[in-house]
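K.L.:
model the following, please.
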Amino acid sequence: MSKKTVNVVLAGGGTAGHVNPLLSVADAIRRIDPNANVSVIGTAVGLEHDLVPQAGYELDAIDKVPFPRRPNLDALRFPMRWKREGDKVRAILEARHADVVVGFGGYASAPVYAAAHRMGIPIVIHEQNARAGMANKLGARWASYIGTAYAGTGLKPAAGAVIERVGLPLRPAIASLCARLETDRVAVRDEAAARLGIDPKRPLVLVTGGSLGALSLNRAVSEASADLLKSAQIIHLTGRGKIDEVRATVAREAGEAALSGLFDESTGGDYHVAEYLERIDLAFACSALVICRAGAGSVSELAALGLPAVYVPLPIGNGEQRFNAQPVVEAGGGLMVADRDFTADWVREHVPGLLDDPIRLRQFGEKAWGYGIRDAADKMARKVLELAR
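P.N.:
Presented below is the predicted three-dimensional model:
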């Protein structure tokens with residue numbers, strides 16, 4: 001008897017933090033069961049609008065229905081909008097003959113959870129943050145299985161449901177790098193350094209505040225550039241629109257000759273600046289230390305790669321970035337510094353000494369690797385297929 005063809009509908013989007021894990025699980029489902037039908041429900045305005053079709057999956061778009069947070073006109077409109085998108089989701093799930101839905105949080109997930117619950121379709125959730133968002137808190141009431149990147153997310157599953165820490169489903173480039181690092185970390189570093197045009201024998205500090213950059217990181221590190229360059233070379237990803245200030249500060253503090261652009265053979269400085277690096281996995285492969293924010297994706301990827309890091313959580317919202325970094329720091333995989341304390345003086349006082357202590361850096365890396373999880377996508381995919389059947 002032939003095995004039943006399963007129909008899986010994944011939901012989520014808005015940011016890369018939601019879309020990348022979604023696509024990683026989708027790929028794992030197809031790898032394990034090539035006959036599975038996999039589609040995605042997202043919005044027409046999030047990153048999923050482009051990334052999902054590019055990855056080879058069909059996208060059914062719905063409108064964003066954010067939960068009202070205060071009594072205003074949007075709150076009055078919410079019930080009507082919720083019902084409209086709920087009806088749309090129900091029609092999509094019926095047309096896709098969904099055997100299971102898998103949500104990753106974000107605006108698109110909540111109405112999918114509610115519709116699937118009413119239709120009796122099993123629900124699987126992945127929560128990547130240390131503190132769960134509103135959509136996944138709603139879905140957790142009905143989910144059969146919840147996979148998390150962290151323990152203690154605050155989700156309250158229904159009786160009989162399973163919740164376990166599976167890690168973050170890694171992007172293909174990061175998953176591939178993890179596997180290669182496990183085989184020969186030095187060879188991978190040397191190859192990546194050659195492609196970036198940097199010295200493979202000299203410690204590298206990678207500074208990144210994400211696609212938009214982080215002013216506090218940019219200013220503290222660039223102002224301390226003269227001291228840092230005595231111990232390491234630097235790749236500084238400034239974020240969009242912030243490169244000129246960093247270049248000017250480095251030129252003032254360390255001299256114009258210290259500057260170089262990535263892939264720029266016309267200059268020979270050790271302070272490499274760029275707004276963004278598409279192949280950030282190359283920089284990860286070379287890094288002795290990463291200085292970054294503490295988004296859930298960043299923390300999970302760095303831990304999975306076994307990279308020492310200085311985490312500087314974004315000082316807004318409900319403090320979720322601090323909760324993201326806290327477990328790996330407590331495991332010995334790095335340091336956490338409050339944004340207000342992360343100054344040029346802090347950098348001068350702590351980072352060169354850390355770079356000059358390879359034993360401590362190696363210990364940080366080993367502890368990070370031990371905390372990290374590298375097979376989350378396969379774990380989630382197998383559970384999804386089990387429920388679908």
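
K.L.:
separation between residue 55 and residue 155?
P.N.:
Per Cβ to Cβ, to the nearest Å, residue 55 is found 27 Å from residue 155. Any C-beta I mention is one placed from the backbone N, CA and C, and that applies to glycine too.

K.L.:
tell me how many other residues crowd residue 386.
P.N.:
Look at residue 386: counted by other Cβ atoms under 10 Å, it has 14 neighbours.

K.L.:
likewise residue 257?
P.N.:
Residue 257 has 12 neighbours, counted by other Cβ under 10 Å.

K.L.:
helix or strand for the nearest residue to it once chain neighbours are set aside, which one?
P.N.:
Among residues not flanking residue 257 along the chain, residue 269 sits closest, at 5.7 Å (Cβ to Cβ, 6 or more residues apart in numbering). Element membership for residue 269, per DSSP states H and E: none, as it lies in no helix or strand.

K.L.:
residue 301 too?
P.N.:
Applying DSSP H and E as the criterion places residue 301 in helix 296-305.

K.L.:
grab the nearest non-local neighbour of residue 20.
P.N.:
That would be residue 171: by Cβ to Cβ, 6+ apart, it lies 5.1 Å from residue 20.

K.L.:
per-residue pLDDT, the residue nearest to residue 257?
P.N.:
With respect to pLDDT, residue 269 scores 88.

K.L.:
for it, the count of nearby residues, please.
P.N.:
With other Cβ under 10 Å as criterion, residue 269 counts 20.

K.L.:
pull the number of nearby residues for residue 11.
P.N.:
35.

K.L.:
er, residue 142 actually
P.N.:
Residue 142 has 18 nearby residues by other Cβ under 10 Å.

K.L.:
am I right that it sits in a strand?
P.N.:
No. With DSSP: H, G, I helix; E, B strand; the rest coil as the criterion, residue 142 is located in coil rather than a strand.

K.L.:
which non-adjacent residue is nearest it?
P.N.:
Once flanking residues are discounted, residue 142 sits nearest to residue 117: 4.1 Å by Cβ to Cβ, 6+ apart.

K.L.:
next one: residue 281
P.N.:
Closest residue to residue 281 apart from its sequence neighbours, by Cβ to Cβ, 6+ apart: residue 173 at 4.4 Å.

K.L.:
so that neighbour makes contact with residue 282?
P.N.:
No. With contact defined as Cβ atoms under 8 Å, residue 173 does not count as touching residue 282 (9.2 Å).

K.L.:
out of these two, which sits in the more crowded spot?
P.N.:
Neighbours per residue (other Cβ under 10 Å) separate residue 173 from residue 282, with residue 282 holding more: 23 against 15.

K.L.:
please report phi then psi for that one.
P.N.:
Note on residue 282: its backbone torsions stand at phi -70, psi -40 [degrees, to the nearest 10].

K.L.:
thought it was touching residue 195?
P.N.:
Yes. Using Cβ under 8 Å, residue 282 is in contact with residue 195, at 5.7 Å.

K.L.:
gap between the residue nearest to residue 281 and residue 210?
P.N.:
From residue 173 across to residue 210, the span is 16 Å (Cβ to Cβ).

K.L.:
other residues contacting stretch 380-389?
P.N.:
Stretch 380-389 is contacted from outside by 4, 6-8, 25, 28-29, 31-33, 36, 99-100, 102, 122, 124, 126, 144-145, 147, 166, 169, using Cβ atoms under 8 Å, 6 or more residues apart in numbering.

K.L.:
ok, for the most centrally placed residue in the chain, nearest residue in space, not its chain neighbours?
P.N.:
Centroid-nearest residue in the chain, with Cα atoms, centre = their mean: residue 297, separated by 1.9 Å. Nearest residue to residue 297, sequence neighbours excluded (Cβ to Cβ, 6+ apart): residue 17, at 4.9 Å.

K.L.:
could you look up the SS state of the one you found?
P.N.:
Going by three-state DSSP: residue 17 is helix.

K.L.:
which residues touch it?
P.N.:
Listed by Cβ under 8 Å, 6+ apart, the contact partners of residue 17 are 128, 295, 296, 297.

K.L.:
tell me the contacts of the first one?
P.N.:
So the one you mean is residue 128. So residue 128 contacts 17, 18, 21, 104, 105, 148, 149, 168, 296, 297, 300 (Cβ under 8 Å, 6+ apart).

K.L.:
can you list phi and psi of it for me?
P.N.:
With angles defined as degrees, to the nearest 10, residue 128 sits at phi -90, psi -20.

K.L.:
any figure for the gap between it and residue 210?
P.N.:
The gap separating residue 128 from residue 210 is 15 Å, by Cβ to Cβ.

K.L.:
cool, residue 364 as well?
P.N.:
Separation of residue 364 from residue 210 (Cβ to Cβ): 22 Å.

K.L.:
more neighbours: the two, which one.
P.N.:
Set residue 364 next to residue 210 and count neighbours by other Cβ under 10 Å: residue 364 wins out with 26 against 19.

K.L.:
could you chop this structure up by domain?
P.N.:
7-170+374-388, 172-371 (automatic domain parsing).

K.L.:
now the terminal residues of the first one, how far apart.
P.N.:
Spelled out, it's domain 7-170+374-388. The straight-line separation of the ends of domain 7-170+374-388 (Cα to Cα, to the nearest Å) is 7 Å.

K.L.:
show me the contacts for the residue nearest to the centre of the chain.
P.N.:
Applying Cβ under 8 Å, 6+ apart, we find residue 297 in contact with 16, 17, 20, 21, 128, 168.

K.L.:
would you list those residues in JSON lines and tack on pLDDT?
P.N.:
Compiled in JSON lines, the contacts of residue 297 are given as follows (pLDDT from 0 to 100):
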{"residue": "16", "pLDDT": "80"}
{"residue": "17", "pLDDT": "80"}
{"residue": "20", "pLDDT": "93"}
{"residue": "21", "pLDDT": "96"}
{"residue": "128", "pLDDT": "94"}
{"residue": "168", "pLDDT": "97"}
